[in-house]
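J.: How does the following fold in three dimensions:
(one chain, ligands or ions: 1)
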Amino acid sequence: MRKLDHNQALVLFSGGQDSSIALIWALDRFGAAETVGFDYGQRHAIELGARQSVRRELCARFADWKPKIGPDQMISAHGLKDIGETAMTADLDIVTGDDDLPTTFVPGRNLVFLSLAAAYAYRRGIGVLVAGMCETDFSGYPDCRETALNAQIEAIRLGMDCDIRLETPLMHISKAASWRLAEEVGGKDAVALINEHSHSCYRGVRVTRHEWGYGCGECPACELRAKGWRDYVHAASDTP
Ligand code: ZN
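T.: Numbers count the residues shown, from 1 in each chain. Down below sits the predicted model:
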C-alpha cells in the first residue's frame, strides 16, 4: 500500500463559502494545504475568479498561513457538460425537477471530483482530501451525503491501494455554525474575508453587496447563504 503524507491536505476548492471555510480549516490543522478546482463548463466564471481572490487575500492578510498555502491546480471535468445539460452549465431555469432535486443538480459531480482529486493527491503524495460538503443545510444533492462520500473514499483507497483520507469538517453543521467555525479558526478577519471574496450565487451575480456577501439574493444558493449569515450574526448578538 502506498503511504501518503497525512500532514498535507488537498482542498477541493470552488471559491464558494463552504470550500473557503474548508480551506482555512485545513490551513489551521495541517502543515500545508494545496487547492484543486474543477472546470466543468460552469455557466459563470465568477466562482473561478473568487478562488483566486480568496487565495490571494489569505496570503496577503494571514502571515501564518501564507507559507502553508501550496499550489493551485485546475482540472478539466468537461465530460460533465457533455453528459447532460443542467442549470449549472446551460441556460435552464433553477427549479425543482420531477426527481425532487433542483435543476442545479449535476448527477455524480462530487463523485467525479473526489476521484480526480484523489488521483491528483496520489501523484503529489498528499494524504488528506478536505472538502466542504455538508448534509445539514444542503440542497438535497445525494452526492453531498456522508454515506456516499465514505463509500467512495473506501473505493478509492482500494482502487489506488493507498492510505488516503477524506475530511469533511462542515458535514454535520449548519451554515451559521460553519461561520462560527471560520471565526474559531481565523477570527473575525477570516469571516470578513470569506464573506467578501467567496462566491455562492448560482446566477453569477456580483453586482449587489448584501450583508452576507455578493449575489442575486433570490436563487437557492443566495437564500441559503443569506439565512446562514443572519443566523450567525443574530446568534452572536444574543451572546452576552
Ligand atoms: Zn443568487
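
J.: Number of residues surrounding E211?
T.: As a burial measure, E211 scores 9 neighbours (other CB atoms under 10 Å). Any C-beta I mention is one placed from the backbone N, CA and C, and that applies to glycine too.

J.: okay but it is in contact with W229, surely?
T.: Yes. Using CB atoms under 8 Å, E211 is in contact with W229, at 6.5 Å.

J.: lowest-pLDDT helix or strand in this structure?
T.: helix 79-83 (a mean of 75; mean pLDDT, DSSP states H and E).

J.: Just the mean pLDDT for whatever helix or strand comes next after that one, thanks.
T.: Remark: after helix 79-83, the chain's next helix or strand is helix 109-124, criterion DSSP states H and E. Mean pLDDT, helix 109-124: 95.

J.: Report all helices and strands that helix 109-124 contacts.
T.: Contact partners of helix 109-124 among helices and strands, from 3 or more CB pairs under 8 Å, 6 or more residues apart in numbering; DSSP states H and E: strand 5-12, strand 32-39, strand 69-76, helix 79-83, strand 126-130, helix 146-160.

J.: Show me what counts as buried in that helix.
T.: Going by neighbour count (16 or more other CB atoms under 10 Å), the buried part of helix 109-124 is 109-118, 120-122, 124.

J.: Which one of those residues is nearest to the ion?
T.: R109 (18.9 Å; CB to the ion).

J.: That closest one and Y40 touch, don't they?
T.: Yes. At 7.2 Å, R109 counts as touching Y40 under the criterion of CB under 8 Å.

J.: Need the residues touching each of these two.
T.: Common neighbours of R109 and Y40, counting by CB atoms under 8 Å, 6 or more residues apart in numbering, are 77, 80.

J.: Give me the contacts around stretch 143-153.
T.: 108-111, 114-115, 118, 129, 131, 133-135, 138, 142, 164-166, 168, 171-172.

J.: Now, of the residues you listed, which are buried?
T.: Neighbour-count burial (16+ other CB under 10 Å) applied to the contacts of stretch 143-153 gives 109-111, 114-115, 118, 129, 131, 133-135, 138, 164, 166, 168, 171.

J.: Show me which residues of this structure sit near the ion.
T.: Contact residues (CB under 5 Å from the ion) of the chain with the ion: 201, 203, 215-216, 219, 222.

J.: which one of the buried ones among the contacts of stretch 143-153 sits closest to H78?
T.: R109 (12.3 Å; CB to CB).
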